[in-house]
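Structure for the following, please:
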Amino acid sequence: MNTTTLTFGGPGYWARRTALDWLFALAVLVGAGYALSRYAGSMDVYEKAILVGAVPAVVALGWFWGALRTLALGVGAATLLAIALYSRTSDGFGADLAQGEQMFLLKYFLSSQSAILWMCVLFLMSTVFYWIGFFAKSSEPARDNAALRIGSGLAWAAVVMALIGTLVRWFESHQIGPDIGHIPVSNLYEVFVLFCWLTALFYLWFEQRYATRALGAFAMLIVSAAVGFLGWYTVAREAHEIQPLVPALQSWWMKLHVPANFIGYGTFALAAMVAFAFLIKQQADETRWWKLAPLWALGVVLCFEPFVFRKTGSIANYWALYFGISALIVAGILLMRKRIALRLPSFEVLDDVMYKAIAVGFAFFTIATILGAFWAAEAWGGYWSWDPKETWALIVWLNYAAWLHMRLMKGLRGTISAWWALVGLVITTFAFLGVNMFLSGLHSYGEL
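The predicted structure is shown next:
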């Protein structure tokens, strides 16, 4: 007798979990328990709730993307090592920040400033190797190109160092004074570090998802530009020094609002660079200079923005050099567009990455805007005050809401959507930095 067995779908979600998945979940739970038991005195009830809520979120992310498990465990182990090295005081209690200048591992690798400097160097090296991979003569597929593999590995290493630097900086801030400790997302220096590793991490997910490393050259350009700003900001303003929070930032809302905001900024920037790659591929065979000029001009506009930060003397010379190199890079990409286009993924892949990056960014930017309204009500007594920062945040939101509407409702694809995403980076950059420089308002504490 023949029987037929009907099966609907594969194993359930829980049934697909492996022993490694559960070990990772246990490690996260133990780590959170340790942090709660040791540092509960430095947390208010909201911070404890955020820590508890972060446990299932981190576990779910690690199960969703296996690479994050290795990342989380490696960063956690290195951070605990740094804390242990700092805690070697004569009486065996507390932490001695002077160890950061005395102990080899802290001084050159694991102190917050050392780790962040390594992040900067590794991101720049990653960008260089990604571009070397673009032009390497090889019959291998782009994903198997040695230079591209090195570029990807360096990007991962940079993310690791960025996270170590961020977590160790958080610990260091609490050791300076009881009223100084805070999550390091409170000033431009700290949020630029956040922007760098978030943008890179989202790119690395797309790199694995679409099995291509060819977009790394473009994604890392925007990260390297942020690294350039970070270098200037450290030298010109000594921004790496940990400072007490201004009263307006002494709120637990900041711990949610700022990271959500920068997931939006990072993915919008990533979408813009993918749009740039799309337009380069599309105009690979274009020979009329006036057709290429708008793309170069937009690149120059983005490169020119740092000039508003200039100062007299050597810093002004630094920005002149920064602008000159950036403008030459844009021109070089346009001149080599045929060779570059051969390495880039298909238009369909580029369009899909652009769409998914904007969709993720829009979701988190919406959450950040809502959280910002609650924060404003607590700090200033009203949910919305048409402050310049709030107004431009609304402009950014409306811009990407319109982009998504045109795509989902009207089927917008191709050239127009790419140009729109690229121009969106100019709007987003002004909302992020331009408002702080040219307009005054309730957010003036964030000015340069």
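
wait, what's in contact with residue 51?
32, 35-36, 43 (CB atoms under 8 Å, 6 or more residues apart in numbering). From N, CA and C alone the C-beta is placed, and that goes for glycine too.

mind checking how far it is from residue 25?
16 Å (CB to CB, to the nearest Å).

again with residue 12
Here the criterion is CB to CB. By it, residue 12 lies 17 Å from residue 25.

Would you mind telling me which of those two has the busier surroundings?
More neighbours surround residue 25 than the other of residue 12 and residue 25, with 19 against 8 (other CB atoms under 10 Å).

Can you tell me the element that one falls in?
helix 19-39 (DSSP states H and E).

next one: residue 416
Using DSSP H and E, residue 416 sits in helix 414-429.

for that helix, packing partners?
With contacts taken as 3 or more CB pairs under 8 Å, 6 or more residues apart in numbering; DSSP states H and E, helix 414-429 sits against helix 254-282, helix 289-304, helix 347-380, helix 388-410.

Can I get that helix in PDB? Just the C-alpha atoms.
Backbone C-alpha positions of helix 414-429 (Å, rounded to 0.1, in the frame of the first residue of the first chain) are rendered in PDB as follows:
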ATOM      1  CA  GLY A 414      16.600  53.200 -12.200                       C
ATOM      2  CA  THR A 415      18.100  56.500 -12.900                       C
ATOM      3  CA  ILE A 416      15.600  58.800 -11.100                       C
ATOM      4  CA  SER A 417      15.600  56.800  -7.900                       C
ATOM      5  CA  ALA A 418      19.400  56.600  -7.900                       C
ATOM      6  CA  TRP A 419      19.800  60.400  -8.400                       C
ATOM      7  CA  TRP A 420      17.100  60.900  -5.700                       C
ATOM      8  CA  ALA A 421      19.000  58.700  -3.200                       C
ATOM      9  CA  LEU A 422      22.300  60.500  -4.000                       C
ATOM     10  CA  VAL A 423      20.800  64.000  -3.500                       C
ATOM     11  CA  GLY A 424      19.200  62.600  -0.300                       C
ATOM     12  CA  LEU A 425      22.700  62.400   1.100                       C
ATOM     13  CA  VAL A 426      23.200  66.100   0.700                       C
ATOM     14  CA  ILE A 427      19.900  66.800   2.500                       C
ATOM     15  CA  THR A 428      20.800  64.300   5.300                       C
ATOM     16  CA  THR A 429      24.300  65.800   5.700                       C
END
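
and the angle from it to helix 254-282?
Put simply, helix 414-429 runs at 140 degrees to helix 254-282, going by axes from the mean of the first three to the mean of the last three CA atoms, to 10 degrees.

Grab the nearest non-local neighbour of residue 279.
Once flanking residues are discounted, residue 279 sits nearest to residue 418: 5.3 Å by CB to CB, 6 or more residues apart in numbering.

What distance do you get for that neighbour to residue 405?
Distance, residue 418 to residue 405, by CB to CB: 17 Å.

Please identify which of these two sits among more neighbours.
residue 418 (25 against 11).

Please, which helix or strand holds the most centrally placed residue in the chain?
Nearest residue to the geometric centre of the chain (CA atoms, centre = their mean): residue 198, 2.5 Å. If you go by DSSP H and E, residue 198 is part of helix 188-209.

mean confidence for the helix or strand containing residue 330?
Using DSSP H and E, residue 330 falls within helix 314-335. Helix 314-335 comes out with an average pLDDT of 71.

do stretch 427-444 as well
For stretch 427-444, mean pLDDT is 72.

Use 9 as the first number from now on
In the new count, where the first residue is 9, that last one comes out as stretch 435-452.

OK, contacts around the nearest residue to residue 440 once chain neighbours are set aside?
Distances taken as CB to CB, 6+ apart put residue 273 closest to residue 440, at 6.2 Å, once the chain neighbours are dropped. Each residue near residue 273 by CB under 8 Å, 6+ apart is listed here: 203, 369, 373, 436, 440.

Relative to residue 157, which of the residues you listed is nearest.
residue 203 (25.0 Å; CB to CB).

neighbours around the closest one, how many?
Residue 203 has 24 neighbours, counted by other CB under 10 Å.

Now for it: which residues touch it?
234, 270, 273-274, 277.

please redo it, this time with the cut-off set to 7 Å
By CB atoms under 7 Å, 6 or more residues apart in numbering, residue 203 lies in contact with 234, 270, 273-274.

Looking at those residues, which is nearest residue 300?
Nearest to residue 300 among these: residue 234, at 26.1 Å, using CB to CB.

how far away is the closest one from residue 241?
Computed as CB to CB, the residue 234 to residue 241 distance reads 10 Å.

So between these two, which is more surrounded?
Taking other CB under 10 Å, residue 234 and residue 241 do not tie; residue 234 has more neighbours (22 against 18).

How much space separates residue 132 from residue 82?
Per CB to CB, residue 132 is found 22 Å from residue 82.

Looking at the two now, which is surrounded by more residues?
residue 132 (18 against 14).
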